[in-house]
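**Student:** Build me a structure from this.
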Amino acid sequence: MQQMKKSNELHKWTVLLVVLTSIFLLNGCKSGNSQPNPHASAPATEVAVVTIETQQLELTTELPGRTSAYLVAEIRPQVNGIIEKRLFQEGSNIEAGQLLYQIDPALFQASLDSANASLHKAETNLPSIRARAERYRELLAANSVSQQDYDDAAATLEQARAEIEHWKAEVQRARIHLNYTRVVSPISGRIGKSNVTVGALVTAYQPTPLATIQQLDPIYVDVAQCAAEALRLKRGLETGLLTADENNGKKVRILTEDGAPYPMEGVLKFRDVTVDPTTGTITLRIIVPNPDYLLLPGMFVRAVVREGVAERAMLVPQQGVTRNPKGEPLALVVDQAGTVQQRKLTLGRAIGNQWLVTSGLAAGDRVIVEGAQNVRPGASVTAVPWIAEKSGGKGQDKPGPTAES
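**Tutor:** Residues are numbered from 1 along each chain as shown. Here you go, the predicted structure:
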C-alpha cells in the first residue's frame, strides 16, 4: 500500500517537472523573438514612374461618316411613249450625252411634219397678202379705196406674219419632243440597273426613274463632328494651345469599314454652318479620289481629320491617372526627395492609351504609373523607370470623351 502511494507521488512530481520545463522553454522563445532591434527599419516602397516630357504633337480626330456619290442623275422620260430600245449595259460606265433609251418616235415625228406643213402654208400665203396691202396703200393715196379697206389689208398682213411665227414655235416644240424620245445621259458615271424593259409604257416625269447614274470618282465622304468638339478646337486655336497646320490642315486620311487605311487622302471642303438639333453634330464634307471605285455610295468609313499642332504637349499613361469621389483627375508625383505628392490635373483628350494633360504637371515631373495603390501622399518611395508595353500610345488619336475639369 505504501509502495503504491510513493509511486503516485513520484508520477505527480514527474508531470509537474515536465510542465514547468515546457513553460520555461516557451517563455524563453517568446522573449527572444520580441527583443527590439533599434537598427532595423522598413524598406521604402518601390514604384514605377514615367518622366513627363513636352513634345510637338499633331492632334487628329477620328470621325465616323458615310460615302455619297459626287453627282447623281435619276433618268426620267420627258414624253409619253413605248420604250423601243435600251442601249446600255447595266452596271457599265456611261459618258455624258450617251444614248440610253429610245422611245417610239412615230407620233412625235408626225407632229413635227404637221407643224412644218402648217408653217410652209403660212409662209406661202404671206407674199399675196403683202402685195394686196401694198396696192391698197397706193390706192389709198389716190383716194381709190377707203381707209377701212386699207386697214383691213394691213391687219391681214400682220396676222399672216404672226401665224408664221406661231408655226415656227410649233415646229420647235415638235422638234424638242422628238428629241426627247432619245433619252441621253446628262453626266458621266456608272449606271445601275434598269427599272424598265423594252416595250414598257413610260410617262413624262414619272416618279420612278428609268435608271440612276452616279459619278463615283471623286466621291464625297460626309462625317459628323460634335459641336462641342468644334468649339473646343476653335478655343484652342484662339488661345494658342494649338497652331493650325497650313500645309496639311485640309488633308484627311480615310479608314475603310474593315479598318484598313484607304490608299489616297481626301480634302476637307467645308464645315456646315448648321448644327443638327437631333444629334448636336456638324457635318464635314470631304472629297476623296476614287479611281478604282473601291469606295461605294452608302459605305461606312472613318475619317482622320487633322485639327492642329500642340507645340508643348504633355502625355501621361492612363493608368497613372486616378479620380477622387468628385470625379476630378489626380496623379501621384515623386519629387526630388523621393516623397509622394498628389496633383490635380486638367485633361484634354485620350490619345491612344494616354491622356493629354493641359495643366497640373510640368516637364520633368515623375508620375507614378505602377504601385500607386501601395503608397499615400507624403510617403517615401523608391522610383524606378516604367517600361511601357508596345502600343499606339503616341500615335493616332482614338475616339473618346474629353476629360476637362
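**Student:** Quick one: residues contacting residue 340.
**Tutor:** 332, 333, 334, 368, 375, 376, 377, 378, 379, 380, 381 (CB atoms under 8 Å, 6 or more residues apart in numbering). No exception for glycine: its C-beta is placed from N, CA and C like everyone else's.
**Student:** Any idea how far stretch 108-126 is from the middle of the chain?
**Tutor:** Between the mean C-alpha point of stretch 108-126 and the mean C-alpha point of its chain there is a distance of 59 Å (CA atoms, centre = their mean, to the nearest Å).
**Student:** got the buried residues for that stretch?
**Tutor:** Residues of stretch 108-126 classed as buried by neighbour count (16 or more other CB atoms under 10 Å): 108, 111, 112, 115, 116, 118, 119, 122.
**Student:** Please apply the same query to stretch 199-214.
**Tutor:** So, applying 16+ other CB under 10 Å, buried residues of stretch 199-214: 202, 209, 210, 211, 212, 213, 214.
**Student:** Could you check how far the third one is from residue 109?
**Tutor:** Pointing back at residue 210 there. 21 Å (CB to CB, to the nearest Å).
**Student:** circling back to that earlier point, just give me the closest of the buried residues of stretch 199-214 to residue 162.
**Tutor:** residue 202 (35.9 Å; CB to CB).
**Student:** so what's the closest one up against?
**Tutor:** Listed by CB under 8 Å, 6+ apart, the contact set of residue 202 reads 77, 80, 81, 82, 83, 103, 196, 210.
**Student:** So which of those residues sit within strands?
**Tutor:** Secondary structure from DSSP state E places 81, 82, 83, 103 of these in strands.
**Student:** Next, format those as a markdown table and append distance to residue 253, neighbour count and pLDDT.
**Tutor:** Shown next, in a markdown table, are those (distance: CB to CB, whole Å; neighbours: other CB atoms under 10 Å; pLDDT from 0 to 100):
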| residue | distance to residue 253 | neighbour count | pLDDT |
| --- | --- | --- | --- |
| 81 | 50 | 22 | 95 |
| 82 | 51 | 13 | 96 |
| 83 | 46 | 20 | 96 |
| 103 | 47 | 22 | 96 |
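**Student:** what about the longest helix in this structure?
**Tutor:** Secondary structure of the chain read by DSSP state H shows that its longest helix is helix 106-141.
**Student:** What is whichever helix or strand comes after that one packed up against?
**Tutor:** Once the chain leaves helix 106-141, the next helix or strand it forms, by DSSP states H and E, is helix 147-180. Judged by 3 or more CB pairs under 8 Å, 6 or more residues apart in numbering; DSSP states H and E, the packing partners of helix 147-180 are helix 106-141.
**Student:** gap between the helix it packs on and the chain center?
**Tutor:** Between the centre of helix 106-141 and the centre of its chain there are 66 Å (CA atoms, centre = their mean).
**Student:** just the angle between it and helix 147-180, please?
**Tutor:** 160 degrees (axes from the mean of the first three to the mean of the last three CA atoms, to 10 degrees).
**Student:** Closest one of the buried residues of stretch 199-214 to residue 97?
**Tutor:** residue 213 (12.0 Å).
**Student:** For that closest one, give its distance to residue 154.
**Tutor:** From residue 213 over to residue 154 the distance is 55 Å, taken as CB to CB.
**Student:** Ok, residue 77 next?
**Tutor:** Here the distance between residue 77 and residue 154 works out to 46 Å (CB to CB).
**Student:** next one: residue 51
**Tutor:** For residue 51, the distance to residue 154 (CB to CB) stands at 105 Å.
**Student:** what's the answer for residue 186, then?
**Tutor:** Distance from residue 186 to residue 154, counting by CB to CB: 48 Å.
**Student:** Neighbour count: those two, which is higher?
**Tutor:** Counted by other CB atoms under 10 Å, residue 186 and residue 154 do not tie: residue 154 has more neighbours, with 16 against 13.
**Student:** So for that one, what pLDDT did the model give?
**Tutor:** With respect to pLDDT, residue 154 has a value of 89.
**Student:** now swap in residue 80 and tell me
**Tutor:** Listed pLDDT for residue 80 reads 95.
**Student:** neighbours of it, just the number please.
**Tutor:** Residue 80: 16 neighbours (other CB under 10 Å).
**Student:** ok now do it, which residues does it touch?
**Tutor:** Taking CB under 8 Å, 6+ apart as the test, what residue 80 contacts is 201, 202, 203, 204.
**Student:** same thing but 7 Å
**Tutor:** 203, 204 (CB atoms under 7 Å, 6 or more residues apart in numbering).
**Student:** switch to numbering from 11
**Tutor:** Let's use 11 as the start, then, which means that last one is residue 90.
**Student:** Quick check: phi and psi on residue 363?
**Tutor:** Main-chain torsions, residue 363, degrees, to the nearest 10: phi -100, psi 30.
**Student:** Spatially nearest residue to residue 119 (excluding sequence neighbours)?
**Tutor:** Among residues not flanking residue 119 along the chain, residue 188 sits closest, at 6.0 Å (CB to CB, 6 or more residues apart in numbering).
**Student:** if I read this right, the one you found contacts residue 116, doesn't it?
**Tutor:** No - between residue 188 and residue 116 there is no contact, the gap being 10.0 Å when judged by CB atoms under 7 Å.
**Student:** Residue ranges in the stretch 261-410 of the chain under the pLDDT threshold?
**Tutor:** Using pLDDT under 70 as the threshold, the predicted model of the stretch 261-410 of the chain has low-confidence ranges 399-410.
**Student:** where exactly do the strands run in it?
**Tutor:** Using DSSP state E, counting those that start in this stretch, the strands found in the stretch 261-410 of the chain span residues 261-265, 276-281, 291-298, 310-327, 332-333, 339-344, 350-354, 356-361, 364-369, 376-380, 391-395.
**Student:** No more questions from me, cheers.
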